[in-house]
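K.L.:
sequence plus the predicted model coming up.
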Amino acid sequence: MDGVTEELPWCARWAALAFFVFSLSMAALGVVLLLLRRWPWCSCHVCRSYLTGSWKKEFPNLGDWYADLLRRSPTGTVTIHVLGCTVTANPANVEYMLKTRFDNFPKGKPFAEILGDLLGGGIFNVDGDAWRHQRKMASLELGSVAVRSYAYKIVAGEVTSRLMPVLADAADAGKVLDLQDVFRRFAFDTICKISFGLDPGCLDKEMPVSELADAFDAASRLSAMRGAAASPLMWRMKRFLNVGSERELRKAVNVIDGLAAAMIRERRKLGVANSHDLLSRFMAAGDGDGDAAADDKFLRDIVVSFLLAGRDTVSTALTTLFMVLSKNPGVAAAMRAEAAGAGENGGGVTSYEKLKRMQYTHAVLYENMRLFPPVQFDSKFCAAADVLPDGTYVAGGERVMYHPYAMGRMPRIWGDDFAAFTPERWLAGDGGAFVPESLYKYPVFQAGLRVCLGKELAVTEMKAVAVAVVTAFDVEVVGGDNGVSGCAPRFAQGLTASISGGLPVKIKRI
């Protein structure tokens, strides 16, 4: 007992010392973060506006501020010095980065680190041989007629058995529905079935909570916060100390890792032979390559990449589409007329062949994504010092961002009516045939060697949903203070452009 009594003061001293060191570290972190936020690295008005957030007084979103800067720039390019970032809306620069000098503008290690906890070594987060290997495998699978047919059957089934009944119930009950939440659930169920052969049932009438979907939302938002930080030191210190947003991100990623591992185990248990889902096909293609742990990490990164590509982008595009249609009833009427001309009178999913013939609806989708691209910007890093076609010098190791959201708002690309929702700008000839623009003017699906492999599948899914819903229901956006009633929404921070506060609507049968 005497020995224990003598040691107690030393234990107390060590505990007090540890607490003092921890408190001192937190105080130092607070000072550093404050300095990083306030320190005037650059005296120009653009950098000060970014650091102080004064742009918020005039613009609802950071993207709108960028668009204004780029419209006023003679070259369509600006530099945000405090970020070490060149931002461009110049199509010639986009082509130079994504095609002409592709190897000199990789995703880069800084970008890979920012999204590494969430995306790992997935296709959206790697360069070189790792990217080429995944790209080749994904191209073979997504280009398969069997996979596309399998995917369309799933989309049609989800629309008929889940989406339309949910909307019909809301119409009959006269209740307000968050359409963004409905489309996210729909897209999540659909991509899980297509990619993994598993059904999370998020759009069942009970609207169950999905732990994976919630964790994915949190991880996307917190990863985007890293990219927006004026200095990577800010989030790296928080990650080292496991505090604040980095602690929250770690928890979300742990949930994603656990549930992705469960998906992979379940898919193996069910067997991959004769299965058309993408995970099974990747498993079959990779059998015997490397050890099991490496295979599982590779598959985990594929799972997360497909979720990001197939869920958030589709749901975002559908959400903004019906927001825009609520303010453009003439466009919705023209879509119904086109569907009726193809023999569709509402209440179901049209055939793939009929969908392909609906040129006006195709134009509506593209016009919506011109103004509201699901991914508003994309970043590359300049490997070696270079000069862009507009004369902008980019130092080696500097970040370069091309901005589809701003590009959709550039009069030099789209004319003086760039702000108007005009599907006809995509149609030509007496028959009103859809004519695509250069992907370097419209990099919504990226362009060049990294152009989106799931583009056709995503557009077909959105088109099927749009035709089914618009021919059966009238969607009216209601209330809210998030700008959606005027088609100038405020976007939440994230890797994709989700609307802050959702999209409250009333559904009416036609």
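P.N.:
Cool, got the structure. Numbers count the residues shown, from 1 in each chain.

K.L.:
switch to C-alpha atoms for all contacts and neighbour counts from now on
P.N.:
OK.

K.L.:
and Phe306, how close does it get to Ile123?
P.N.:
Distance, Phe306 to Ile123, by C-alpha to C-alpha, to the nearest Å: 9 Å.

K.L.:
err, Val465, not the other one
P.N.:
Distance from Val465 to Ile123, by C-alpha to C-alpha: 27 Å.

K.L.:
equivalent analysis for Lys251, please.
P.N.:
Using C-alpha to C-alpha, we find Lys251 at a distance of 23 Å from Ile123.

K.L.:
higher neighbour count, the two?
P.N.:
Ile123 (21 against 15; other C-alpha atoms under 10 Å).

K.L.:
and that one, what pLDDT?
P.N.:
pLDDT, Ile123: 88.

K.L.:
okay, now the closest residue to it other than its chain neighbours: neighbour count?
P.N.:
Distance criterion C-alpha to C-alpha, 6 or more residues apart in numbering; nearest residue to Ile123, sequence neighbours excluded, is Trp131 at 5.6 Å. Look at Trp131: counted by other C-alpha under 10 Å, it has 16 neighbours.

K.L.:
may I ask which helix or strand encompasses Trp131?
P.N.:
Taking DSSP states H and E as the definition, Trp131 sits inside helix 128-142.

K.L.:
buried set for that helix?
P.N.:
Under the neighbour-count criterion of 16 or more other C-alpha atoms under 10 Å, helix 128-142 has 131, 134-135, 138, 141-142 buried.

K.L.:
tell me which helix or strand comes right after it.
P.N.:
helix 145-158.

K.L.:
packing partners for that next one?
P.N.:
When contacts are defined as 3 or more C-alpha pairs under 8 Å, 6 or more residues apart in numbering; DSSP states H and E, helix 145-158 packs onto helix 179-196, helix 455-472.

K.L.:
any chance of those helices in JSON lines, with distance to Phe298, mean neighbour count and mean pLDDT too?
P.N.:
Converted to JSON lines, the helices and strands packed on helix 145-158 look like this (distance: least, C-alpha to C-alpha, whole Å; neighbours: other C-alpha atoms under 10 Å; pLDDT from 0 to 100):
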{"stretch": "helix 179-196", "distance to Phe298": "14", "mean neighbour count": "24", "mean pLDDT": "92"}
{"stretch": "helix 455-472", "distance to Phe298": "23", "mean neighbour count": "20", "mean pLDDT": "95"}
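
K.L.:
low-confidence stretches in the stretch 401-510 of the chain?
P.N.:
The stretch 401-510 of the chain contains residues with pLDDT under 70 at 480.

K.L.:
quick one, helices of it?
P.N.:
404-407, 411-414, 455-472 (DSSP state H, counting those that start in this stretch).

K.L.:
pLDDT on the helix or strand where Leu118 lies, on average?
P.N.:
If you go by DSSP H and E, Leu118 is part of helix 109-119. Taken as a whole, helix 109-119 has a mean pLDDT of 89.

K.L.:
which strands or helices does it pack on?
P.N.:
Here helix 109-119 touches helix 211-228, helix 244-270, helix 292-307, strand 378-381, going by 3+ C-alpha pairs under 8 Å, 6+ apart.

K.L.:
ok, 7 Å please
P.N.:
helix 211-228, helix 292-307 (3 or more C-alpha pairs under 7 Å, 6 or more residues apart in numbering; DSSP states H and E).

K.L.:
buried residues of it, list them for me.
P.N.:
Buried residues in helix 109-119, counted by 16+ other C-alpha under 10 Å: 110-119.

K.L.:
in a markdown table, list those residues along with distance to Thr160.
P.N.:
Shown next, in a markdown table, are these (distance: C-alpha to C-alpha, whole Å):
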| residue | distance to Thr160 |
| --- | --- |
| Pro110 | 44 |
| Phe111 | 40 |
| Ala112 | 39 |
| Glu113 | 41 |
| Ile114 | 39 |
| Leu115 | 36 |
| Gly116 | 37 |
| Asp117 | 37 |
| Leu118 | 33 |
| Leu119 | 32 |
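
K.L.:
ignoring the adjacent residues along the chain, who's closest to Val465?
P.N.:
Nearest residue to Val465 in three dimensions, chain neighbours excluded: Val159, at 6.7 Å (C-alpha to C-alpha, 6+ apart).

K.L.:
could you report the neighbour count for the one you found?
P.N.:
23.

K.L.:
how much space between it and Arg185?
P.N.:
For Val159, the distance to Arg185 equals 12 Å [C-alpha to C-alpha].

K.L.:
mind checking pLDDT for Asp217?
P.N.:
For Asp217, the pLDDT comes out at 87.

K.L.:
let me fix that: Trp41
P.N.:
Model confidence at Trp41, given as pLDDT, is 59.

K.L.:
again, but for Gly84
P.N.:
Looking at Gly84, its pLDDT reads 89.

K.L.:
same thing with Arg226?
P.N.:
Residue-level confidence at Arg226 comes out at 89, pLDDT.

K.L.:
and what of the one 3 residues further on?
P.N.:
Model confidence at Ala229, given as pLDDT, is 79.

K.L.:
same check, this time on Thr75
P.N.:
The score at Thr75 is 97. That number is its pLDDT.

K.L.:
check the burial of it by counting its neighbours.
P.N.:
Thr75: 16 neighbours (other C-alpha under 10 Å).

K.L.:
and for Asn274?
P.N.:
Counted with other C-alpha under 10 Å, residues neighbouring Asn274 total 9.

K.L.:
ok, His276 touching Ser149?
P.N.:
No - His276 sits out of contact with Ser149 when judged by C-alpha atoms under 7 Å, with a separation of 9.6 Å.

K.L.:
more neighbours, these two?
P.N.:
His276 (21 against 14).

K.L.:
for Ala92, which non-adjacent residue is closest in space?
P.N.:
Distances taken as C-alpha to C-alpha, 6+ apart place Pro389 nearest to Ala92, at 6.3 Å, with adjacent residues excluded.

K.L.:
part of a helix, is that neighbour?
P.N.:
No - judged by DSSP: H, G, I helix; E, B strand; the rest coil, Pro389 forms no part of a helix; its state is coil.

K.L.:
phi, psi of it?
P.N.:
Note on Pro389: its backbone torsions stand at phi -60, psi -30 [degrees, to the nearest 10].

K.L.:
where does it land on pLDDT?
P.N.:
pLDDT, read off for Pro389, is 98.

K.L.:
around it, how many other residues sit close by?
P.N.:
Neighbours around Pro389, by other C-alpha under 10 Å: 16.

K.L.:
same question for the one 4 residues further on.
P.N.:
A count of nearby residues for Tyr393, using other C-alpha under 10 Å, gives 12.

K.L.:
now Ser438
P.N.:
Using other C-alpha under 10 Å, Ser438 is surrounded by 11 other residues.

K.L.:
and it, its phi and psi?
P.N.:
phi -60, psi 140.

K.L.:
same thing with Thr77?
P.N.:
Main-chain dihedrals, Thr77, degrees, to the nearest 10: phi -140, psi 140.

K.L.:
Leu69 versus that one, what's the distance?
P.N.:
8 Å.

K.L.:
who has more neighbours, the two?
P.N.:
The residue with more neighbours, out of Thr77 and Leu69, is Thr77; 23 against 18, by other C-alpha under 10 Å.

K.L.:
stretch 336-355 - what's its average pLDDT?
P.N.:
Rounded mean pLDDT across stretch 336-355 is 83.

K.L.:
circling back: I'd like the helices of the stretch 401-510 of the chain as TSV, with distance to Met283 appended.
P.N.:
Below are these laid out as TSV (distance: least, C-alpha to C-alpha, whole Å):
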stretch	distance to Met283
helix 404-407	34
helix 411-414	44
helix 455-472	21
